[in-house]
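Undergrad: coordinates only, sequence not included:
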């Protein structure tokens, strides 16, 4: 039984970590960090945890945490993990960072898109990008895992096999993504109020969303070329779920069966990626509360394009679930431990 | 490992049984009955079960089921279980009926409120009303359990301790209940369409809802007197959740502490009933996806009334979760096996 | 054409005033007051007004406003109108206050429930409670109108005829009310975030909600006795709409036809109160965007109670629409001018 | 005052026609056709119309209608208008068809995408495609107007100026569209149930949606070349609203100001198309209930693409509003009569 500390435990991703780890056989949370609620009972912040979590919220002391836990999850704003980590801490404890601090290998790209100075660029090279299905072996050996972004996880896994196999013209790739509102976090801002989000859909961050370079970097590794895409996120009136609809021109004529075989090559043995049956479109509701990503595709012979679709729960596979999956790999647990969550419908 | 058969597995309550039993250590579903989808793959009806449930839907053959399973859940319209059950079947298999057929002891009351002729009134006496917190010992010995209704479970548990202890004037009890739309089932009717339910709230079945006599009967046992209430259900634009707001005149002056002590007397040891801290109102979101009922109360000295509130997930504690809780009791499993579901938020 | 000034024009009620007055033949808005957005274009705060409203937001200067407009709407937090009004201003301009400052005749009751000191109690007596259907003649002559609260408008109109005619035992009256989230206003608070409200229902302000004494006072006038009720508001995941479900014991045996005749006596000639046909329950969706209140009732012979129901749009009849209706009365316009809004469905 | 007949008045688009025409100065509805509800009071089908519409539903008799009205709206399934219209009727009455029967000039394309045989292809040539902003002059002279589809109206108007001016490479155009659920109509089907749509987003009709050839044809006229696009609709959990996010490669380097000038060239004088200020993304909520289409764009210099966005209310500008706009043009009324609806927020 390993000991777990969470920094940022009262955000939505933090809360989801606790929901998932509550049923994990090999891990126990001993530190519920939350700068905003220090000394408050965790269950008073999240009443769903009443009589389940008895702890009070603690501060962010990473030094002390390193003494007391085996792994730290940082579910915090960009910049925080980067400002706290150092060699001494990393030598004592594993870190899974749910922020973007260690996701992007080129620190200039990070600093440009995020508009902040990186506080510990010396660890970027070492950090493993924790997209388990792709970097599984590296994750197993990592001290520091950069847990992928929500949009990026969905966007990458949806296109990955075709990028890897060179089936699509990467310069034509367009990702039109739609997310539930929990992705915006729990901060009290007018645009996140119920009445502003409900009965509404909009694009935001058009051409400027920070997940763009992360998708480009990872799909670039897959395609073995520099990739530049359009990524357009949209806010959808629902709590959870991301749907990515992706468009690309095919580099050659392919049949449904050929493309299906490529998806299966990469995902048939992956528990958490489900390649759906022909003509079934992924729906976010079918994966809600689970660690699954559902993917599928449709070839349009008229335009010579392929439309790829992926759906997942942004708080699970897009955040806390994937973080636990990474933890399982890092500690040699069964990869799906704590994650065999059946999607909840309706 | 017992074998389970479900009749009506493609309704929302049936689907929830499967979600819960998928993680149950001691039970395995071997029969997915669904008259509407015979021979269709279950996962094609509910895509969330893709790669989780591999079975195809079967018909309703209770005779054959009795040979093959240890327990049958009937998640079917009123009248069906009553028409299928007989001594021969009951001698071979346990039945947990999620319909109303065996909930009401007076067959005349049943026939009047439901407008149908009961097909097997001879089993009504034997059937145990499966509200586990109240009838635990009887459930353990039962062959036939009448799983309580969704509104009724919430309404009864919210008022039960005060009815039992004679604190409230039962003739003044009013239950104003609010339910998510999954309670209306998965049948294709105009009033259940998205655009008709969304952005809307209404009362329905005012003075005539069928759960009324069930609440009256059970609270009557608790209070040891005949009880007649007003029960008004409302349809709320959300998928899951029931909130009961109940009003009654106090029979004597009581303090917060005294009433709290009464609730604790009955529920302190109950895993699935959480008496909230003072002044915290139950919210359906805090119990979503779990088997909990959250209850609390507020005394109004101005009017000498007490307002009791209870919240639960109608598909879990209000249907499938309670059914599994009953199964656990009937077979001597740990009562919470498969039900230690942490509420999902948001 | 009268000139209108609005203080608090960027709250939800303020925005609704502008939507309604945009189509009003006899009134023109010349002052869009909003302390939070001074000098910002109104249409940048509410993009729906792009190319419709060209004005910029102004401050709260009531002195200057009194020179420039014929009527001021104050759609502001409690206490503000009370702190700004004086004889000199009232002698020059009519005021319709959408806050609670002048709704309650007993200043002690106001100060107790609202927890603030009233700054101009000398105008309380003069202020007319602007529930048009009841106080029409007084409104016509008023300088200062206290526009009723949203819950109160719905709660009072639903029970008024029966209170007035002495049909119900007022000591048994219970109002269980449900409101959409726009009633909580546009302030950025965690409990009003999309993910906190969506898929959730809860009671709040149980026994302590400030609309309680307002309902009690007005129904007290109707019944000609002191009235004390239980009023329990609930937050519903929808933008607009209030539904009041009200319970009372009948003082004598009455038939459906007798009660219907009483409702018709008061409302048959009222354009904005619709007494629905027998057995049709009011739904908030059927009045959305309009100034209607739909009411109906059901007699329960079993319990000798009557269940009354009322539905309206909280931002229209519950705030801005009623305020315009009051304005129309005060200035001798057609009472329904600007308010012949057909409910929007779906 | 002209007389109006509606065939299909109890669908959502039919209901919206009635809501809009209720406030129209020059038109009066005298025939509420609805095959499903013949002889039922219209206000019993749509309670929002209680005390507003007193009529009962009639059948589909176009012959009789031609004698009694000046214009017929057919808000009916594909194929019906085509099967009813003939020269004799058209010589007596104008027809505005909200179905697709006369939208597509090439009858083979219509028959292929819709899978039905056209019953009156001889009128296709004469029919005017009623996208008012583009075909205004032709509409004024038309006997038969093909009212555009909801997705198509939004998709076309969003890209039209750039297609017309040859700024974008039409072979790269991709339309990713999102619609509220009222677009699916009022028929009772499981996929349209509240619990299936709520908390969910999905693509549907990928590569096969029937609005594809309509968009292609109209943008082909604008670009003066054959156009083939990818059009992907998505179902969003909200009642109303369509958002189109469109991607195309720029044919040459352009500045924001140049593109803005092109949009203004076509839309500056158009009341119902609002080109938003720089960097403001259209949101469906800002146009709800109104006849506006809000459009904007963003140039991505990295990828040399332009992202165009358009938002409108699918039932107003996407159906009934545009139909009334067409009627106004056909009868020489003020084009915006009955349509000066301020968007409702929230």
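TA: Received the coordinates, thanks. What you see is a predicted model; the values in this text were computed from it and never measured.
Undergrad: interface residues of chain A facing chain B?
TA: In this structure, chain A approaches chain B at residues A:12, A:15, A:18-19, A:22-23, A:44, A:46-52, A:182, A:199, A:239-240, A:274, A:276-277, A:280, A:283, A:285-290, A:294, A:340, A:342-346, judged by C-beta under 8 Å from any C-beta of the partner chain. Where you see a C-beta, it was placed from the backbone N, CA and C, and this is true even at glycine.
Undergrad: how about the helices of chain A, start to end?
TA: A:12-21, A:42-45, A:62-68, A:80-84, A:87-90, A:107-114, A:132-141, A:150-164, A:194-197, A:211-223, A:256-267, A:321-331 (DSSP state H).
Undergrad: and among the ones you listed, the most buried is which?
TA: Comparing the helices of chain A by mean neighbour count (mean count of other C-beta atoms under 10 Å in any protein chain shown), helix A:150-164 comes out on top with a mean of 28.
Undergrad: How many residues are close by residue A:299?
TA: When neighbours are counted by other C-beta atoms under 10 Å in any protein chain shown, residue A:299 registers 18.
Undergrad: now it, nearest residue through space, not along the chain?
TA: The shortest distance from residue A:299 to any non-neighbouring residue, by C-beta to C-beta, 6 or more residues apart in numbering or on different chains, is to residue A:306 (5.3 Å).
Undergrad: ditto for residue A:75
TA: Using C-beta to C-beta, 6+ apart, the closest residue to residue A:75 is residue A:8 (3.8 Å).
Undergrad: quick one: that neighbour from residue A:151, how far?
TA: 19 Å (C-beta to C-beta, to the nearest Å).
Undergrad: Also residue A:325?
TA: Distance from residue A:325 to residue A:151, by C-beta to C-beta: 18 Å.
Undergrad: How about residue A:221?
TA: Counting by C-beta to C-beta, the gap from residue A:221 to residue A:151 is 18 Å.
Undergrad: Which among the helices of chain A is found nearest to chain D?
TA: Each of the helices of chain A was scored for nearness to chain D using C-beta to the nearest C-beta, and the closest is helix A:194-197 (3.7 Å).
Undergrad: and the closest one with chain C, contact?
TA: Yes - for helix A:194-197, a contact with chain C is found by C-beta under 8 Å from any C-beta, at A:194-197.
Undergrad: And the strands in chain A?
TA: A:2-7, A:27-33, A:71-74, A:94-97, A:128-129, A:144-146, A:174-179, A:202-203, A:230-235, A:242-249, A:273-275, A:293-300, A:305-312 (DSSP state E).
Undergrad: With mean pLDDT and distance to residue C:260 added, can I get the helices of chain A in JSON lines?
TA: Output for these, formatted as JSON lines (pLDDT from 0 to 100; distance: least, C-beta to C-beta, whole Å):
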{"stretch": "helix A:12-21", "mean pLDDT": "98", "distance to residue C:260": "50"}
{"stretch": "helix A:42-45", "mean pLDDT": "98", "distance to residue C:260": "49"}
{"stretch": "helix A:62-68", "mean pLDDT": "93", "distance to residue C:260": "69"}
{"stretch": "helix A:80-84", "mean pLDDT": "95", "distance to residue C:260": "65"}
{"stretch": "helix A:87-90", "mean pLDDT": "97", "distance to residue C:260": "75"}
{"stretch": "helix A:107-114", "mean pLDDT": "97", "distance to residue C:260": "66"}
{"stretch": "helix A:132-141", "mean pLDDT": "98", "distance to residue C:260": "66"}
{"stretch": "helix A:150-164", "mean pLDDT": "98", "distance to residue C:260": "56"}
{"stretch": "helix A:194-197", "mean pLDDT": "98", "distance to residue C:260": "36"}
{"stretch": "helix A:211-223", "mean pLDDT": "98", "distance to residue C:260": "60"}
{"stretch": "helix A:256-267", "mean pLDDT": "98", "distance to residue C:260": "64"}
{"stretch": "helix A:321-331", "mean pLDDT": "98", "distance to residue C:260": "57"}
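Undergrad: nearest to residue D:269, of those helices?
TA: Minimum separation from residue D:269 across those (C-beta to C-beta) falls at helix A:194-197, 31.2 Å.
Undergrad: I'd guessed residue A:23 sits against residue B:340; true?
TA: Yes - at 6.9 Å, residue A:23 counts as touching residue B:340 under the criterion of C-beta atoms under 8 Å.
Undergrad: Check whether stretch A:95-109 comes near chain D.
TA: No - against chain D, stretch A:95-109 shows no contacts by C-beta under 8 Å from any C-beta, the least distance being 12.2 Å.
Undergrad: how far does that stretch stretch from start to finish?
TA: Distance between the two ends of stretch A:95-109: 23 Å, counting by C-alpha to C-alpha, to the nearest Å.
Undergrad: ok, and the closest non-adjacent residue to residue A:330?
TA: residue A:94 (5.6 Å).
Undergrad: try residue A:82
TA: The nearest residue in space to residue A:82 (C-beta to C-beta, 6+ apart) is residue A:101, at 3.9 Å.
Undergrad: Okay, the one you found and chain C: tell me how far apart.
TA: 25 Å (C-beta to the nearest C-beta, to the nearest Å).
Undergrad: what's the burial count for that residue?
TA: Neighbours of residue A:101 (other C-beta under 10 Å): 30.
Undergrad: repeat for the one 3 residues further on
TA: By the criterion of other C-beta under 10 Å, residue A:104 has 25 neighbours.
Undergrad: quick one, what contacts it?
TA: By C-beta atoms under 8 Å, 6 or more residues apart in numbering or on different chains, the residues touching residue A:104 are A:110, A:113, A:124, A:213-214, A:217.
Undergrad: Can you tell me which of those is closest to residue B:156?
TA: residue A:214 (51.8 Å).
Undergrad: how about that closest one, what does it touch?
TA: A:100, A:103-104, A:148-149, A:152.
Undergrad: Check residue A:149 too.
TA: So, once contact is read as C-beta under 8 Å, 6+ apart, residue A:149 ends up touching A:100, A:103, A:210-211, A:214, A:318.
Undergrad: quick one on the thing from earlier: for the strands of chain A, which one sits closest to residue D:89?
TA: strand A:293-300 (39.8 Å).
Undergrad: for the closest one, packing partners?
TA: Using 3 or more C-beta pairs under 8 Å, 6 or more residues apart in numbering or on different chains; DSSP states H and E, the elements in contact with strand A:293-300 are helix A:150-164, helix A:256-267, strand A:273-275, strand A:305-312.
Undergrad: Of the ones you listed, which is nearest residue C:138?
TA: Nearest to residue C:138, of all those, is helix A:150-164, at 57.8 Å by C-beta to C-beta.
Undergrad: Report the angle between that closest one and strand A:174-179.
TA: 150 degrees (axes from the mean of the first three to the mean of the last three C-alpha atoms, to 10 degrees).
Undergrad: Around chain D, pick out the residues from the stretch 101-250 of chain A.
TA: A:172, A:174, A:176, A:178, A:180, A:195-196, A:198-204, A:206-207, A:228-230, A:232, A:234, A:236-241, A:243, A:245, A:247.
Undergrad: residues near the nearest residue to residue A:297 once chain neighbours are set aside, how many?
TA: Spatial nearest neighbour of residue A:297, excluding adjacent residues (C-beta to C-beta, 6+ apart): residue A:308 at 4.7 Å. By other C-beta under 10 Å, 27 other residues sit near residue A:308.
Undergrad: how close does residue A:308 get to residue A:275?
TA: Residue A:308 is 11 Å from residue A:275, by C-beta to C-beta.
Undergrad: Residues in contact with both of the two, list them for me.
TA: Joint contacts of residue A:308 and residue A:275 (C-beta under 8 Å, 6+ apart) are A:295-296.
Undergrad: Please name whichever of the helices of chain A is nearest to residue B:256.
TA: Per C-beta to C-beta, nearest to residue B:256 of the helices of chain A: helix A:42-45, 18.5 Å.
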